[in-house]
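In: whatever this is, show me its structure:
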Amino acid sequence: MYYLLILVVALERLAELVVSKRNATWAFANGGKEFGRGHYPVMVAIHTALLVGCVVEVWALDRPFIPWLGWTMFVVAVLSQVLRWWCITTLGKRWNTLVIVIPDAPLVKTGPYKYTWLHHPNYLVVVIEGIALPMIHTAWITAICFTLANAWLLSVRLRVENQALGYTVKS
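Out: Got it, this is the predicted structure:
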C-alpha cells in the first residue's frame, strides 16, 4: 500500500506541473518576469529524489511499518496536501513552480497568505511532507537527506522569491 501512496503522490506532482505550466503561460502573457531559474533543476531533482528515496529505502532496507508512527505520519502527509492545495487555489493563476512576478500585481493576502508572519506557507508544506511521507514507513534516511537538501534549496529559493517580491531580506 505504501508504494501505491507514493505513486499517488507522484501523480499529484504531475498534476501540479500541468497546473504550473498553464499558470506560467498565463503569467508570461500578462507581463510576468521570471527570477532565479538556475535553482529550478535542482529543486526538481530533490523532489524527485524524495519519492524515489521513499520507495528504494523501504524496499532495499526492509523498513517496517510501525502503526502508531505510520498512521500519524499518514495523517500529517494528507493534511499537508490539504494545505498545499489551499495555497494553490488561493493564488489561482498566479501559482506555479517557477518564480514569476507580474509587475504591479498586489501581493495575495487571503487564505494562508493572510498571516503576515508566514510569507510562504507552501514551503511549510514541503518541509512537513518531506518528513512525514518517508516516515510513514520509517524511511528515516530519506527524511533526513531530503530535509537537509531542502533546507539548502529553501535558503536559495526564499532569497530569490523575497527579492523578486520586494521583501527586505537580511543576510
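In: any idea how far the residue in the chain sticking out farthest from the centre is from Ala139?
Out: Relative to the centre of the chain, the most outlying C-alpha is that of Asp62, 27.0 Å out, by CA atoms, centre = their mean. The gap separating Asp62 from Ala139 is 11 Å, by CB to CB, to the nearest Å. Backbone N, C-alpha and C define where each C-beta goes, glycine included.
In: before we move on, which element is Thr48 in?
Out: Element membership of Thr48, judged by DSSP states H and E, is helix 40-60.
In: what's around Leu14, how many residues?
Out: 10 (other CB atoms under 10 Å).
In: show me which residues of the helix or strand containing it are buried.
Out: Assigned by DSSP H and E, Leu14 belongs to helix 2-29. Buried residues in helix 2-29, counted by 16 or more other CB atoms under 10 Å: Tyr2, Leu5, Ile6, Val9, Ala10, Glu16, Val19, Ser20, Asn23, Ala24, Trp26, Ala27.
In: distance check, Gly32 against Tyr115.
Out: Counting by CB to CB, the gap from Gly32 to Tyr115 is 25 Å.
In: for Thr89, same thing?
Out: According to CB to CB, Thr89 and Tyr115 sit 16 Å apart.
In: please report phi then psi for Leu64.
Out: Careful, residue 64 is Pro; it's not Leu. Main-chain torsions, Pro64, degrees, to the nearest 10: phi -80, psi 160.
In: give me the element Arg84 is part of.
Out: helix 67-91.
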